[in-house]
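Enquirer: task: produce atomic coordinates for the following.
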Amino acid sequence: MDTTSTLMGLGLLLVFVGPIFLLIIQQNRKEKKRKSAFQKISNQVKIQPSITDFSASLLLGLDQKSKKLLVIEPENNMQFQLIDLQEFKSSEVNAREIPGKQGKLNHISLTLLGKNGNGKISEIIFYDEDDTINNDAESQLMLAKKWQNLLKIA
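Expert: Numbering: from 1, shown residues only. Sure, this is the predicted structure:
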């Protein structure tokens, strides 16, 4: 009787905990794949990012020595953009609220402005309500502000 109860308990434990372990393993594989792709692209464009940040919709890397910013969008077939920060003057975080819903954001981006009055060099979109990738606008707003501060220093 004890052996049967123990086996049933272990079986039920495996049934409930097994899927959680599978999700953790799957998430770790996905993260390794993204890091590998980021490293491959940074080697391809010949930069060595000293500061990196990975979110669901963006992979960001800043090479402070060569003053270049690498922006990769994993959801768009790993399309990337290499931004030369020597042409960069300032940046601003743009956060648009949903009309009629105060405090509810629907778009967060970081706009990079050029030195010589070139206007906008690039826009890095951290959050867009239409995309289902990121579901936490507040954390993406904090991430955009963090990168704005990092780019001021670089």
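
Enquirer: strands of this structure, residue ranges please.
Expert: 51-54, 59-63, 68-73, 79-84, 88-97, 105-114, 120-128 (DSSP state E).

Enquirer: deepest-packed of those strands, please.
Expert: strand 59-63 (a mean of 22; mean count of other Cβ atoms under 10 Å). (Each C-beta comes from the backbone N, C-alpha and C, glycine too.)

Enquirer: now do that one: distance to the chain's middle.
Expert: Taking the mean of its C-alpha atoms, strand 59-63 sits 10 Å from the chain's own mean (Cα atoms, centre = their mean, to the nearest Å).

Enquirer: got it, and stretch 61-77?
Expert: Computed by Cα atoms, centre = their mean, the chain-centroid distance of stretch 61-77 equals 11 Å.

Enquirer: what does it contact?
Expert: Contact partners of stretch 61-77, identified using Cβ atoms under 8 Å, 6 or more residues apart in numbering, comprise 34, 37-38, 41-42, 45, 47-53, 57-60, 78-86, 122, 124, 131, 133, 150-151, 154.

Enquirer: as a markdown table, the strands of the chain with distance to P19 would be great.
Expert: A markdown table is the format used below for the strands of the chain (distance: least, Cβ to Cβ, whole Å):
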| stretch | distance to P19 |
| --- | --- |
| strand 51-54 | 25 |
| strand 59-63 | 28 |
| strand 68-73 | 30 |
| strand 79-84 | 33 |
| strand 88-97 | 37 |
| strand 105-114 | 33 |
| strand 120-128 | 29 |
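
Enquirer: can you tell which of those is closest to L22?
Expert: L22 lies closest to strand 51-54 among the strands of the chain, at 21.9 Å (Cβ to Cβ).

Enquirer: run me through the strand neighbours of that closest one, direction for each.
Expert: Applying DSSP bridges to the sheet, strand 51-54 is found paired with strand 59-63 (antiparallel).

Enquirer: thank you kindly, that will do.
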